[in-house]
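Visitor: Requesting a structural model of the entry that follows:
(4 chains)
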4 protein chains.
Amino acid sequence: MTFPAPLTGVVPPVCTPLTPEREVDVPSLIRLVDHLVDGGVHGLFVLGSTSEAAYLTDAQRRLVVETAAGHVAGRLPVLAGAIDMTTPRVLDHAAAVTAAGADAIVVTAPFYTRTHPAEISRHFRLVAARVPVPVFAYDLPTSVHTKLSAELVLELAADGVLAGLKDSSGDLGAFRTVVTGARAHPDITGFTALTGSEVVVDSALALGADGAVPGLANVDPAGYVRLFRLCQEGDGDGARAEQERLCALFGMVNVGDPTRMGGSSSALGAFKAALHLRGIIACPATAEPQIPLAEGEVERVGKYLAGAGLL
Amino acid sequence: MTFPAPLTGVVPPVCTPLTPEREVDVPSLIRLVDHLVDGGVHGLFVLGSTSEAAYLTDAQRRLVVETAAGHVAGRLPVLAGAIDMTTPRVLDHAAAVTAAGADAIVVTAPFYTRTHPAEISRHFRLVAARVPVPVFAYDLPTSVHTKLSAELVLELAADGVLAGLKDSSGDLGAFRTVVTGARAHPDITGFTALTGSEVVVDSALALGADGAVPGLANVDPAGYVRLFRLCQEGDGDGARAEQERLCALFGMVNVGDPTRMGGSSSALGAFKAALHLRGIIACPATAEPQIPLAEGEVERVGKYLAGAGLL
Amino acid sequence: MTFPAPLTGVVPPVCTPLTPEREVDVPSLIRLVDHLVDGGVHGLFVLGSTSEAAYLTDAQRRLVVETAAGHVAGRLPVLAGAIDMTTPRVLDHAAAVTAAGADAIVVTAPFYTRTHPAEISRHFRLVAARVPVPVFAYDLPTSVHTKLSAELVLELAADGVLAGLKDSSGDLGAFRTVVTGARAHPDITGFTALTGSEVVVDSALALGADGAVPGLANVDPAGYVRLFRLCQEGDGDGARAEQERLCALFGMVNVGDPTRMGGSSSALGAFKAALHLRGIIACPATAEPQIPLAEGEVERVGKYLAGAGLL
Amino acid sequence: MTFPAPLTGVVPPVCTPLTPEREVDVPSLIRLVDHLVDGGVHGLFVLGSTSEAAYLTDAQRRLVVETAAGHVAGRLPVLAGAIDMTTPRVLDHAAAVTAAGADAIVVTAPFYTRTHPAEISRHFRLVAARVPVPVFAYDLPTSVHTKLSAELVLELAADGVLAGLKDSSGDLGAFRTVVTGARAHPDITGFTALTGSEVVVDSALALGADGAVPGLANVDPAGYVRLFRLCQEGDGDGARAEQERLCALFGMVNVGDPTRMGGSSSALGAFKAALHLRGIIACPATAEPQIPLAEGEVERVGKYLAGAGLL
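Guide: Coordinates of the predicted model:
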């Protein structure tokens, strides 16, 4: 497919359903993809953080892309994460996911290593030079422990290295610098700026974002698509109300007891519990070494769903 | 081989020589292994941070272990890093490196993900349960962004999960808690506590460490072996003098201009430049996206070597 | 005065003009206050970060509050920072600034110490119990190194401890949780939620913030007042355009060479240079040990002013 | 007094006994000073972190210095912290503590502000230029959130700005760089390098430290003096045994329940509980907003004392 430039709308980071034995549950993944497509989303992002990419083996990663891209069959663009520590490893993942059918790749700055802005720039340039599909930068300081500066993103966009940005930094001001900077720059056209937030999608769209990649859209894709349309139509009040409904639903990410588990276990466990309760995936298991939600915590997820009219 | 318990002495984290095209330079790696064995080291640690494990593809990692383990052929224990973000990915690496001949594996806490102590514990327990060789914990907060607590390390040692610790945290006080705690614990025997420091090896040995894993031992293995012997013999003044000579040599890690490159580029670039200047490896290239040292920076590495009597 | 509940509108954190000898320049401060009042602002916040509170001696702090509050003479509410490490020291500052005429105080969580959420709660409760004026929490993780959780802020608001929040965390999602949580909570009335951002004021107001405390409003108070009115009138396009003009102007905070100075020197130096260039303050000096802007950097500030139509 | 250059030996950071109303308990402070002097210590450091300087009002700080310096009356050097955010505020404290009798001051890098190495250098230079007594740098990254580089410390020592360093960074390797660098530098004489560690004092002394500033020396001054003497005499085994006894005693800092309080509350609460149990101070209260230890936690402090032969 010709990749849209820019890509606009709701692009959920697709959860990876697992069996109780922690293998990829292909039928559940296909049902989830259908659920998202039926919800009206505008693209899919597999192998992101919400997809538990960090926990999936190479074989599992490949199977996820093949399954999703194969099932979508060109109806929507499929972006795939190529998440690893450095350039050579990212290039291996990039080759694998494009061979498996991904239409674009999403890449973070190097992590684990002690990195410099000049090395981050070199990293993206090398990746883009050797990959046949568009490259999106993934700004996720919580995981990567560096923030991509707006200046670097714009420079790489102007040089044709980056096709877009998925911004999960939580720093809306810096994101705005990218959005307005890309709009004003004579050498940048078709750049895609996506927010990774669940809770300020209306704000991001109002200031010029092209779309959103909210993990919660796994649970309520139609809600985020509705939010996107309200924003497009300039219905600020309607958008705010829909966003606030989704914010309330997003409270589910904190059901996990923080003395017992980390934030990934709680948030990803909640999304999967919700998908299980809604009958979309067969098993709510998260990958090792995450801690499963307790029964009462799953019940609270159910209450969030009920409160949002989703059960 | 029967893995020593504890493993004592100098166990260099072996640099990975690369060709100008960034492929593993097998003949140089063999020469480097010989250089280390000839220097009297007591074991080898491949695929650690100094080995640029974070930058090597899976194929390169396998080749490194096969080459080193094959060439050593049981003369020394060979530990191999199984460095990745989470349990399932670490297990894949563990299978690969043990198949390639590693006698033990070295594993960090999960990284990139938002992790909880309970998840770190679960991670090591799962890895140890599924891996046929001893498991060492690798405490490297600079890269992993969590510190392994002494309490957790001792608990895992007492439960037979961990055979040892490579401590690169820089926190000698916490390391001492592990060393004295392991000595006092009725359920812990044969536990190996190794410091990853280059510059307080004498201190670590004096307080009870079993050995050291200094990256600089690539450049001067005989120096670290001499230091280890002086400590064993209780020659405090001699040990301090040798350690101070090695500290001065270690200054080479800062030759790289910090406005131009990060700490990994500078330190690993310096080690490889030194090995190249000493005629041990054919090419000083570091892996992408690291920034190469400039000519003048390499010259300064040469001066450090000359100052330490190594050129 | 009866303090407004909520306080709405633009509440600039007032710069503290200094003489070349680094004493408080009282005539310049009075001119600056007039400039802000004439610009239409709705309140003043003295002794905040933009005021260089961290750099002012106790005597200087007192003089600033006396001067500003005395000159305003009840026309506008005057909030004053009581910025120090712990409860007893904050209480001393609170007594001083209220004696000097402040209508409300602004307090951070403890810093420098190793602090726990329970201690942060206790801190605000003790301060509010002993201070006769409303207490605002100041969330500034860049300086304080902890983030005030939305849960804690709402709990303290419901218990009558906090009258408001100045949120300089940059985390608009968490700020939204406070805004919507305060609106929904049966025990919270009149709570004031202010954003400390310069660059997403329109976003914050759109999601329900009561007002803004932008440092850049020193330079262009009328611009932020205009932005506030456009938001109130529901003119989203007009607000965005005005906000984008102010975002461009805000670029001045980066004029300082980062190899020569820190972010405070650059940003506060730029604000003061702009006020000096606009003829409002007599001297652009910042407090010690900040590094002064170089001549060329000041020239670039002038270009930002010209670009925004302010010179 | 002529301040010793270098200052050698054990220099406890003196706890500040408080009454139940959180006023300075002068008789208890005098008893504590006597306890330390009787224990054989070589100097006193008041208004450090262990002294709860961050929690004391200016009046309380002054009273502490007057009491301690007055009671010591020149028998030992008295160093005093001048702990505040920036140069002007530090200068006020420096004037106060020297007027109150301090023989030297101890100063951190600026904190709370966003600081640059050039600003840190300027800060120390300005302080030293305006203060009539020797200035020690206090390296405490846990509180200050920057690390003083060895290069900067040595540069400031060579320029006569710094008389010494109190290193509480936990980074013994960097401390060694200062120690050996100061020894080798032609322009540095009489520089004092003190470790702030409780648990690697033997290591620090062995590599050339002049002395130690261990908070735990409040509880067991004689133990640390014994340790210092054993190190001086070159009795490595004896020193290690004494250090390990003190390390075990130091375990008391963790008695506080981390779900209920922060690290300062636990550690300072334990030191004060121990002093109270030993009959040296009248009340174990810590300053607000710290959380008091629970009864069972105080009992555990007692067991640590008993285990070390101190009850």
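
Visitor: A:Leu271 is in contact with A:Pro214, isn't it?
Guide: No, residue A:271 isn't Leu; it's Phe. No: look at A:Phe271 against A:Pro214 with C-beta atoms under 8 Å: they stay out of range, at 10.6 Å. Every C-beta, even on glycine, is put in place using the N, C-alpha and C of the backbone.

Visitor: ok, those two, which is more surrounded?
Guide: For A:Phe271 and A:Pro214, the more surrounded residue by other C-beta atoms under 10 Å in any protein chain shown is A:Pro214, and the numbers stand at 28 against 24.

Visitor: Find the nearest non-adjacent residue to the more buried one, please.
Guide: Leaving aside its sequence neighbours, A:Pro214 sits nearest to A:Glu198 (C-beta to C-beta, 6 or more residues apart in numbering or on different chains; 4.3 Å).

Visitor: and what of A:Pro27?
Guide: A:Ala282 (7.2 Å).

Visitor: can you tell me which residues contact that neighbour?
Guide: Neighbouring residues of A:Ala282 by C-beta atoms under 8 Å, 6 or more residues apart in numbering or on different chains: A:Pro17, A:Thr19, A:Asp25, A:Pro27, A:Ser28, A:His276.

Visitor: Could you work out the most separated pair of these?
Guide: A:Pro27 and A:His276 (13.7 Å; C-beta to C-beta).

Visitor: rewinding a little: now, which of the contacts of A:Ala282 sits nearest C:Pro6?
Guide: When these are compared against C:Pro6 (criterion: C-beta to C-beta), the nearest one is A:His276, at 42.1 Å.

Visitor: remind me which residues of chain A are low pLDDT?
Guide: Residue ranges of chain A with pLDDT under 70: A:1.

Visitor: Run through the helices of it in chain order.
Guide: Applying DSSP state H to chain A gives helices spanning A:26-38, A:58-72, A:87-99, A:117-130, A:141-144, A:150-158, A:172-184, A:201-206, A:221-232, A:236-250, A:263-277, A:295-307.

Visitor: can you tell me how far the residue nearest to A:Ser143 when sequence neighbours are not counted sits from chain C?
Guide: Excluding the flanking residues, the one nearest A:Ser143 by C-beta to C-beta, 6+ apart is B:Tyr112, at 4.6 Å. Look at B:Tyr112 and chain C: by C-beta to the nearest C-beta, to the nearest Å, they are 21 Å apart.

Visitor: Look up phi and psi at the residue located most distally from the centre of chain A.
Guide: Here the centre of chain A is the reference, and by C-alpha atoms, centre = their mean the most remote residue is A:Pro186, at 28.6 Å. Per-residue torsions, A:Pro186: phi -70, psi -30 (degrees, to the nearest 10).

Visitor: What's the local residue count around the residue of the stretch 51-200 of chain A found nearest chain B?
Guide: Going by C-beta to the nearest C-beta, chain B is nearest to A:His116 of the stretch 51-200 of chain A, at 3.4 Å. Neighbour count for A:His116, taken as other C-beta under 10 Å: 24.

Visitor: Filter the contacts of A:Ala282 down to the buried ones.
Guide: For those, a burial check counting by 16 or more other C-beta atoms under 10 Å in any protein chain shown picks out A:Pro17, A:Asp25, A:Ser28, A:His276.

Visitor: which residues touch the second one?
Guide: Spelled out, it's A:Asp25. A:Asp25 sits in contact with A:Pro17, A:Leu18, A:Thr19, A:Ile281, A:Ala282, A:Cys283, where contact means C-beta under 8 Å, 6+ apart.

Visitor: what do you get if the cut-off is 6 Å, keeping everything else the same?
Guide: By C-beta atoms under 6 Å, 6 or more residues apart in numbering or on different chains, the residues touching A:Asp25 are A:Pro17, A:Leu18, A:Thr19, A:Ala282.

Visitor: so the second one sits right up against A:Ala285, yeah?
Guide: What that stands for is A:Leu18. Yes: in terms of C-beta atoms under 6 Å, A:Leu18 counts as a neighbour of A:Ala285; the distance is 4.8 Å.

Visitor: the more surrounded of those two?
Guide: Each of A:Leu18 and A:Ala285 has its neighbours counted (other C-beta under 10 Å); A:Leu18 has more, 25 against 20.

Visitor: Would you quantify the distance from the more buried one to A:Gly190?
Guide: A:Leu18 sits 36 Å away from A:Gly190, going by C-beta to C-beta, to the nearest Å.

Visitor: Ok, A:Ala184 next?
Guide: Computed as C-beta to C-beta, the A:Ala184 to A:Gly190 distance reads 15 Å.

Visitor: And the residue of chain A that's closest to chain D?
Guide: For chain A, C-beta to the nearest C-beta, closest residue to chain D: A:Thr259, 6.6 Å.

Visitor: where does the stretch 51-200 of chain A come near chain B, residue by residue?
Guide: The stretch 51-200 of chain A comes close to chain B at residues A:54-55, A:57, A:85-89, A:92, A:112-116, A:118-119, A:122-123, A:126, A:143, A:145, as judged by C-beta under 6 Å from any C-beta of the partner chain.

Visitor: repeat that with 7 Å
Guide: Neighbours of chain B within the stretch 51-200 of chain A, by C-beta under 7 Å from any C-beta of the partner chain: A:54-58, A:85-89, A:92, A:110-116, A:118-119, A:122-123, A:126, A:142-143, A:145.

Visitor: Likewise for the stretch 201-311 of chain A?
Guide: Contacts of the stretch 201-311 of chain A with chain B, taken as C-beta under 7 Å from any C-beta, map to A:Arg260, A:Met261, A:Gly262, A:Gly263, A:Ser264, A:Ser265, A:Ala287, A:Glu288, A:Pro289, A:Gln290, A:Ile291.

Visitor: Next, format those residues as TSV and append neighbour count.
Guide: Shown next, in TSV, are those (neighbours: other C-beta atoms under 10 Å in any protein chain shown):
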residue	neighbour count
A:Arg260	16
A:Met261	25
A:Gly262	22
A:Gly263	16
A:Ser264	29
A:Ser265	26
A:Ala287	23
A:Glu288	20
A:Pro289	27
A:Gln290	29
A:Ile291	20
